[in-house]
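1. Quick one, what's the 3D model for this:
(2 chains)
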Amino acid sequence: MRISTKMKSVALAGLSAALLATTAQAETVRWGAPRDIVSLDPYSYGDSYTINFLNHIYEGLVRYNRDLEIEPALATEWEIVSPTTWRFTLRKDVKFHDGADFTAEDVLASLERVSDETSPLKGNLPAYKSATVVDDYTIDIELNGAYPLLLNDLTNIHIFDKGWLVANNAEKPTDVSAGVEGFATFNTNGTGPFVLESRTPEAQTILTVNENWWDEPAHNLTRIEFQPISSAATRVAALLSGEVDFVDSAPVQDLGRLEQAENLTLLERTDLRTVMLGFNRRDELVAGGENPMNDLRVRQAMQMAVDMDLIQDKVMRGKSRNAGTLVAPSIPGYSEELDTPAAYDPEKAKELLAEAGYPDGFEFDFVCTNESYVNEEQFCQAIASMWSRVGLTPKLDIGPTAKQTPKRANGKADVYTIGWATLPMLDTYSILVQMLHSKEGNSGVFNWGDWSYPELDKLTQSAAVELDRDTRLQMETDALKIAKDEIIMMPLHQQPMAWAVSKGFSDFPQFPDNKPRMWYVTK
Amino acid sequence: MLAFIIKRLANAVFVMLSVTFLAFVIFTAVGDPVDQMLNEQATQAQRDDLRERLGLDDPFLVQYGKFVVRAAQGDFGISFRNQQDVLTMIGERFPATFELVLVATFISLVVGVPMGVITAIRRQTWYAEAMQFISIIGVSLPSFVVGIGLILVFSVWLGWFPAFGRGETVDLGWWSTGLLTHSGRMSIVLPALSLSLFQITLVMRLVRAEMLEVLRSDFIKFARARGIPARSIHFRHALRNCLMPVVTMTAMQIGGLIAFALVTETVFQWPGMGLLFIQAVTFVDVPIMAAYLCIVALIFVVLNAIVDMTYAVIDPRLKGADA
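-> Numbering: from 1, shown residues only, chains lettered A, B, ... in the order given. Predicted coordinates:
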């Protein structure tokens, strides 16, 4: 028996050696992904998973380093000429994959493409007004107001080659409503560390290393085979049987099994995404009748009635991190002082409800989805039963995201779940302006409960134009304090994330934004 | 015959219209694609604008009317999510699904027919009883459980077959086939087996019932009396008389398999039409869902029509009667 396995492994080694010889020293990573990318065009669909994958092919003017700090990429330096004008100096001797030179014209064409009327990614560059080419390697970006987070936004704006866009009639993003396909959906031409070799949707996308990359590669990969496997059980099986060697979304229920597998390393941490509950703050509940949740004591009672430690232990299998504030620790604007989870006190909760005039509780709709967040269905059920215990009557409504979101967005939910990671901006400002700010103009898109805190709005607006980083972050922290004191949203936890890689890799950094960056991987 | 064909065609058009209408009723309930097309940072104005450009604010009947007019011209639009031509996307995935269904059908016949014969001629024996019992399991186990079970045994434990994907494919014109490469053939085994399990049971039970009937008939008794070997009676004379309903059923079931392959395709990440449809549902990709339902309905309608017409040729009495 022993001999035969040994012989088999020798034979296998010989076989793999032969295979290696044919592909010339390939350091390949076979990536088993939970889903396919939607397109090869980074400006096609507001999907951060796709944008991150395409970051292997395309690059922005700046990028995040291993510690998620911003560093130069296609731009080498920048200065703020006036509060609304930023001047970027571009890197010389950068070539696109087809050999074309990278110049300021390319940046201009890309900025115009992403901010076009029909671009779904327009919102990723909210402050952009126009850009002017100063010379081949200098470009001025004009903003519609002072805006401190331009660099954060630019990390996700991939740069195209102008000549390539023009030649292929793709200067404008593909407009879905026009019903015509675009060239960039099927082809790529970036400056990034990897070059597209082939793509078969839902089956395989293959990248090979860009030998002419401008940067000193920190990775030693020669090939990435990206294979979506949407069924979680199959993904785990493929990893265990050695058909893939990296999985970026290992299901929580299989972590124990993966941990025991000898040929695998399990990488675990908590995500940047904070999962929280929002409250309806209109005058009436969805089912009609006065809305008790406008009373702070009621919201306090609802928070005290939930035993987050029990949920962490039983539902999240000890893998989540209970949150006291609405952003995760590594997000600028976070304050440790605020991050104290509320104490569990069902007796006090009952008292507060009685004090507010609801000794027998009240009935309300509790809207959850079944797949947006890790174990969402289970923790929603747990929270609902904890609320029942203090006398409240939550009517739990669980369904797929596409079905639940219109309810939540149109005020048809009294309590709802939502997660926020501040991506791609990575700054507290993102949650302030998109969720906590009053719903007016372009602010408060995710203010689904329709609340309004003028003081918080003022802090948000001041932070939006404050160019001094420390002052701005203090304003953001102050705003988070209001959100905590008033329980605008009830923070639950940062959810766990798990990657599993085969033992062959010597360096495989895991990022809290759950984005695999292969240009840091060595085998 | 011409009148019959015209009647069938009118019938088919009516079925297609009903299917698309029902599909559109369902779409209004699946949710709003816009929230997933734009990301967290998009403003309300951008969301409203996109919704308007896609015509999602139009009244239901207007949306349906526009769809029918365009679909009649073969224009199903482009996918909200992938921004690719919907018909091309479905066309690219059709070969994968069709090959899977063909191989599954082949397996179900090769395994199911002999099992049916054996359970019919060797009633009372332990192995016939065992096959009968196993066949009950085959009908009752949901196919995703079967799929995961096969993966666990044959990929993880034994390492014989790949757990997912289609392997290498070869393009023959617009048709991509996995049957010509080794990895492609290895890849199709588990999904085809998983898809055929239900079918095997069906074929086996049908053959068994037909065999029992035929074995009682006079010509078999005479054949026995003439001293023809049992083997020849069973497999040449009796079986041949059972095959007509099996062939009909198999043809009819191909449509069903194409439609139900979506569970198998999801489990095995088989890049076929079903997988495409499942993902379209998750992302409310209306153009893909609409086109997929139309095409599957069309396959059913065509298969039905062919079977009906063949019957009409075989049995002239049906020509006059209303089918």
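2. Next up, the contacts around the residue in the stretch 401-523 of chain A positioned nearest to chain B.
-> Proximity to chain B, evaluated over the stretch 401-523 of chain A using CB to the nearest CB, is greatest for A:Ala402 at 3.3 Å. To be clear about C-beta, it is placed using only N, CA and C from the backbone, and glycine gets the same treatment. A:Ala402 makes contact with B:30-33, B:35-36, B:282-284, according to CB atoms under 8 Å, 6 or more residues apart in numbering or on different chains.
3. now A:Val38
-> A:44-45, A:47, A:50, B:81-82.
4. So stretch A:44-63, near chain B or not?
-> Yes - Stretch A:44-63 is in contact with chain B by CB under 8 Å from any CB of the partner chain, via A:44-48.
5. oh sorry, the question was meant for stretch A:218-233
-> Yes - for a cut-off given as CB under 8 Å from any CB, stretch A:218-233 has contacts with chain B, namely A:227-231, A:233.
6. In helices, which of the residues you listed appear?
-> Within these, residues falling in helices by DSSP state H are A:Ala233.
7. By neighbours, which of the residues of stretch A:218-233 next to chain B wins?
-> Sorting the residues of stretch A:218-233 next to chain B by how many neighbours each has (other CB atoms under 10 Å in any protein chain shown) puts A:Ile229 first, at 28 neighbours.
8. ok, for it, nearest residue in space, not its chain neighbours?
-> A:Arg235 (4.3 Å; CB to CB, 6 or more residues apart in numbering or on different chains).
9. so who does residue 185 touch?
-> Using chain A here. A:39-41, A:44, A:174, B:82-84 are the contacts of A:Thr185 under CB under 8 Å, 6+ apart.
10. ah, I was thinking of chain B
-> Going by CB under 8 Å, 6+ apart, B:Arg185 touches B:167, B:178-179.
11. Then A:Ile159?
-> The contact partners of A:Ile159, by CB under 8 Å, 6+ apart, come to A:58-61, A:74, A:102, A:106-107, A:110, A:190-191.
12. and whatever helix or strand B:Gln199 lives in, which residues are buried?
-> B:Gln199 belongs to helix B:182-215 when elements are defined using DSSP states H and E. Buried residues in helix B:182-215, counted by 16 or more other CB atoms under 10 Å in any protein chain shown: B:184, B:187-208, B:210-212, B:214-215.
13. of all of the stretch 201-323 of chain B, which residue lies closest to chain A?
-> B:Pro271 (4.2 Å).
14. First-to-last residue distance for stretch A:361-378?
-> 23 Å (CA to CA, to the nearest Å).
15. Name the nearest residue to the residue nearest the centre of chain A, ignoring sequence neighbours.
-> Central residue of chain A (CA atoms, centre = their mean): A:Leu423, 4.6 Å from the mean position. Nearest residue to A:Leu423, sequence neighbours excluded (CB to CB, 6+ apart): A:Ser48, at 5.5 Å.
16. Can you list the helices and strands that the helix or strand encompassing B:Ile278 packs against?
-> Using DSSP H and E, B:Ile278 maps to helix B:273-282. When contacts are defined as 3 or more CB pairs under 8 Å, 6 or more residues apart in numbering or on different chains; DSSP states H and E, helix B:273-282 sits against helix B:86-121, helix B:239-268, helix B:286-314.
17. contacting residues around the residue nearest to the centre of chain A?
-> Contacts of A:Leu423 (CB under 8 Å, 6+ apart): A:48, A:272, A:430, A:513, B:40.
18. got it, and B:Ser135?
-> Residues in contact with B:Ser135 (CB under 8 Å, 6+ apart) are B:115, B:200-201, B:204-205.
19. Need the three-state assignment for A:Ile418.
-> Following DSSP: H, G, I helix; E, B strand; the rest coil, the label given to A:Ile418 is strand.
20. burial of it, as a residue count?
-> Look at A:Ile418: counted by other CB under 10 Å, it has 19 neighbours.
21. That one reaches A:Arg408, doesn't it?
-> Yes - at 7.5 Å, A:Ile418 counts as touching A:Arg408 under the criterion of CB atoms under 8 Å.
22. which residues are common contacts for these two?
-> Overlap of the contact sets of A:Ile418 and A:Arg408 (by CB under 8 Å, 6+ apart) consists of A:278, A:448.
23. what comes up buried for the longest strand along chain A?
-> Using DSSP state E, we find that the single longest strand of chain A is strand A:264-279. Using 16+ other CB under 10 Å as the test for burial, strand A:264-279 gives A:264, A:266-279.
24. ditto for stretch A:47-66
-> In stretch A:47-66, counting by 16+ other CB under 10 Å, buried: A:47-64.
25. list the contacts for the residue of the stretch 251-400 of chain A found nearest chain B?
-> Per CB to the nearest CB, A:Pro400 is where the stretch 251-400 of chain A lies closest to chain B, at 7.2 Å. Contact analysis of A:Pro400 by CB under 8 Å, 6+ apart lists A:369-371, B:31, B:282.
26. Can you pull the residues of the stretch 151-300 of chain A lying near chain B?
-> A:174-177, A:179-182, A:185-186, A:200-204, A:227-231, A:233-235, A:237-238, A:240-243.
27. returning to that earlier point: please identify the helix or strand for the residue nearest to A:Ile229.
-> Assigned by DSSP H and E, A:Arg235 falls within helix A:232-240.
28. ok, and what's touching that helix?
-> Identification of contacts with helix A:232-240 by CB under 8 Å, 6+ apart yields A:32, A:34, A:229, A:244-245, A:247, A:249-251, A:254, A:257-258, A:261, A:264, A:500, A:502, B:148, B:151-152, B:155-156, B:162-164, B:267-269.
29. Of the residues you listed, keep whichever come out buried.
-> Buried residues within those, counting neighbours by 16+ other CB under 10 Å: A:32, A:34, A:229, A:244-245, A:247, A:249-251, A:254, A:258, A:264, A:500, A:502, B:148, B:151-152, B:155-156, B:162-164, B:267-269.
30. quick check, stretch A:114-134 touching chain B?
-> Yes - applying CB under 8 Å from any CB, one finds stretch A:114-134 in contact with chain B at A:117-118, A:120-124, A:126.
31. Domains in the chain, by residue range?
-> You didn't pick a chain, so chain A it is. Domain assignment for chain A by automatic domain parsing gives A:36-183, A:271-497.
32. actually it's chain B I care about, not the one you picked
-> Taken from automatic domain parsing, chain B resolves into B:1-81+B:283-323, B:91-272.
33. chain center to the first one, what's the gap?
-> When distances are taken as CA atoms, centre = their mean, to the nearest Å, domain B:1-81+B:283-323 is centred 18 Å away from the chain's centroid.
34. Same check on the longest one?
-> The offset between the C-alpha centroid of domain B:91-272 and the centroid of the whole chain comes to 13 Å, using CA atoms, centre = their mean.
35. how long is it from one end to the other?
-> 10 Å.
36. model confidence over that domain, on average?
-> When pLDDT is averaged along domain B:91-272, the result is 87.
37. what pLDDT does the residue of the stretch 101-250 of chain A found nearest chain B get?
-> Going by CB to the nearest CB, chain B is nearest to A:Gly123 of the stretch 101-250 of chain A, at 3.4 Å. On the pLDDT scale, A:Gly123 is placed at 76.
38. Would you mind listing the residues in contact with residue 264?
-> All of this refers to chain A. By CB under 8 Å, 6+ apart, the contact list for A:Leu264 reads A:239-240, A:258, A:500-503.
39. The chain in question should be chain B.
-> B:100, B:143, B:147, B:191, B:194-195, B:270, B:274.
40. 7 Å instead, please
-> Taking CB atoms under 7 Å, 6 or more residues apart in numbering or on different chains as the contact definition, B:Thr264 lies against B:143, B:147, B:191, B:194-195, B:270.
41. Now name the helix or strand holding the spatially closest residue to A:Ile159 that is not a sequence neighbour.
-> Using CB to CB, 6+ apart and skipping the chain neighbours, the partner closest in space to A:Ile159 is A:Ser110 (4.7 Å). Secondary structure from DSSP H and E places A:Ser110 in helix A:104-114.
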